[in-house]
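Visitor: no sequence on hand, only this structure:
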């Protein structure tokens with residue numbers, strides 16, 4: 001999948017979908033054999049109803065930086081923030097899945113630049129979150145990419 005490089009009509013959605021597909025295709029769902037067919041392992045929104053954990057959410061955190069390419073240019077530089085959140089049944093599962101996602105993006109940063117035109121990959125934070133009373137453990141993993149749009 002590639003990011004729309006002309007204009008800005010779909011680059012946000014394209015980026016989130018690319019990240020979701022990258023995780024979905026390369027990180028093994030620990031409960032794939034028992035997960036209900038109506039549920040997904042990787043989603044692009046926070047769960048609104050009951051789900052089978054673990055799941056991974058990929059959420060657009062908005063533009064962090066925007067710059068014009070020059071006075072007479074239609075090119076623009078966008079730095080996009082992305083939140084990847086691993087929701088798991090316990091701390092061990094949370095940390096193992098987060099490590100797999102981290103390793104996937106760490107080892108893919110060169111090809112992201114050359115094939116998907118997503119540059120300057122950066123991890124901007126990792127935060128553990130304990131949901132009170134539910135037993136669900138999660139880790140918020142934030143990343144960002146620079147995307148150059150226009151002709």
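Guide: Great, that's in hand. Just so it is clear, the structure is predicted and the values come from calculations on it, not from any experiment. Residues are numbered from 1 along each chain as shown.

Visitor: every contact and neighbour count from this point should use C-alpha atoms.
Guide: Will do.

Visitor: tally of neighbours for the closest residue to residue 41 other than its chain neighbours?
Guide: Excluding its sequence neighbours, the residue lying closest to residue 41 (C-alpha to C-alpha, 6 or more residues apart in numbering) is residue 55, at 4.8 Å. Neighbourhood size, residue 55 [other C-alpha atoms under 10 Å]: 24.

Visitor: and the pLDDT at residue 55?
Guide: With respect to pLDDT, residue 55 scores 97.

Visitor: how near is it to residue 67?
Guide: Distance, residue 55 to residue 67, using C-alpha to C-alpha, to the nearest Å: 35 Å.

Visitor: and for residue 38?
Guide: Residue 38 is 41 Å from residue 67, by C-alpha to C-alpha.

Visitor: which of those two has more residues huddled nearby?
Guide: Set residue 38 next to residue 67 and count neighbours by other C-alpha under 10 Å: residue 67 wins out with 11 against 6.

Visitor: report the buried residues of the one helix or strand the more buried one maps to.
Guide: Assigned by DSSP states H and E, residue 67 belongs to strand 55-68. Judged by neighbour count using 16 or more other C-alpha atoms under 10 Å, the buried positions of strand 55-68 are 55-60.

Visitor: with stretch 72-89 instead?
Guide: Of all the residues in stretch 72-89, those buried under the rule 16+ other C-alpha under 10 Å are 75-76, 78-89.

Visitor: list the residues that contact residue 41.
Guide: The contact partners of residue 41, by C-alpha atoms under 8 Å, 6 or more residues apart in numbering, come to 24, 29, 54-56.

Visitor: the strand or helix carrying residue 19: which residues count as buried?
Guide: Element membership for residue 19, per DSSP H and E: helix 11-26. Buried residues in helix 11-26, counted by 16+ other C-alpha under 10 Å: 11-12, 15-20, 22-24.

Visitor: show me how far that helix is from its chain's centre.
Guide: Computed by C-alpha atoms, centre = their mean, to the nearest Å, the chain-centroid distance of helix 11-26 equals 7 Å.

Visitor: so among the buried residues of helix 11-26, where is pLDDT lowest?
Guide: residue 11 (79).

Visitor: parallel or antiparallel, list what pairs with the lowest-mean-pLDDT helix or strand in the chain.
Guide: When each helix and strand of the chain is scored by mean pLDDT, DSSP states H and E, strand 55-68 comes last, with a mean of 88. Strand pairing for strand 55-68, determined by DSSP bridges: strand 42-43 (parallel), strand 76-88 (antiparallel).
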